[in-house]
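Novice: Kindly generate the corresponding structure for this input.
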Amino acid sequence: MENVPATDLGYVARVRKIAETMIDGKRILIQELLPWFGDFQGMPVLQAKEVGTNHLAGYIGFKGFGFQNPNIFVDARPDWLELRQIKVFPQYRKGGFANGFLALACHLAAKAKVPLILEPKPTGDKALNEEQLTRWYRLHGFRKLTPEECQKIAHQMMMKQINSDLLFAGFDQQTGTMTGKRRYSLSQEEIKKMDSIPEDTRIAFYKKHHEWGHALERNRDSRLRFISKYMLRDPSISVRQEWLRQFKVVPKFVFPNSIRLKMAWDAIHKSGKQPRKRPQASPPRI
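Specialist: Modelled structure (predicted):
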């Protein structure tokens, strides 16, 4: 089986040690990375690598609110973090490491009171199909969203889009009319301020002044179908201790929520730190 090298830390803005474990007598180091580039740019990646050889044993990648690669789902619920991908390479799938690795991520998120969401969708060479993945995630405390939750989130997503689109089109928050200038950049604070205006008013303005206003309800239905595929893990759900016992966890490590992640990146940018390496063609795999 061909070994994959761990992520080159020259492409990473911050590295924190999370835990250690052993697989077949090999020492495995678990790290949190904040990548400058790649599929998980700006978001946490949990990397498991073999000490000494630097072979990658596995990784878990997240997506979240308001960063370089925004997620329309989590953008409406910034208190949530989406688990986008988990992979353990075949030669390290021993002794329950895959269960332990996911349990560790769930444990850290629960300690930080961060709800996790995911879509149980097979990718790459995963051995499990969607039904099997769904059962596996259920073992780890994930559940399907209820119809009421789907309705609520679909509505939140719709109103977030309406807020942004109206501000781009020239909605003036002071006058409550379309008398402002068209805008091409917005802060999350400005978008959030729109919530002070009654929803019926915003919806009416959107239908009248936006070219896609007539499709508002149809778009909401498509959001419902999108959301219904997801599973949620509430932080109050306990993690099976037998899966965690294989890890020696760093006591002071705190899993990031959206606020802590923003603070981390603000500090990194304020420090003037720059990537030691930059991708020449395609971004590095992380």
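Novice: Read off the pLDDT value for residue 286.
Specialist: In this prediction, residue 286 carries a pLDDT score of 59.
Novice: ah, wrong one, I meant residue 30
Specialist: In this model, residue 30 carries a pLDDT of 98.
Novice: got a list of what it touches?
Specialist: 17, 18, 19, 20, 21, 46, 47, 48, 101, 104, 247 (C-beta atoms under 8 Å, 6 or more residues apart in numbering). C-beta here means a position set from N, CA and C on the backbone, and glycine is covered the same way.
Novice: Which two among the residues you listed are spaced furthest apart?
Specialist: 17 and 101 (15.3 Å; C-beta to C-beta).
Novice: about what we covered before: so which of the contacts of residue 30 is the closest to residue 84?
Specialist: residue 46 (11.8 Å).
Novice: The closest one - that's part of a helix, no?
Specialist: No: secondary structure of residue 46 (DSSP: H, G, I helix; E, B strand; the rest coil): strand, not part of a helix.
Novice: ok now do it, which residues does it touch?
Specialist: Contact partners of residue 46, counting by C-beta under 8 Å, 6+ apart, are 18, 30, 31, 32, 33, 59, 60, 61, 101, 104, 105.
Novice: Same check on residue 134?
Specialist: Residues near residue 134 by C-beta under 8 Å, 6+ apart: 120, 231.
Novice: Centroid-nearest residue for the protein?
Specialist: The residue lying closest to the centre of the chain (C-alpha atoms, centre = their mean) is residue 63, at 2.2 Å.
Novice: Look up phi and psi at it.
Specialist: Per-residue torsions, residue 63: phi -130, psi 150 (degrees, to the nearest 10).
Novice: Repeat that for residue 183.
Specialist: Dihedral pair for residue 183: phi -120, psi 150, per degrees, to the nearest 10.
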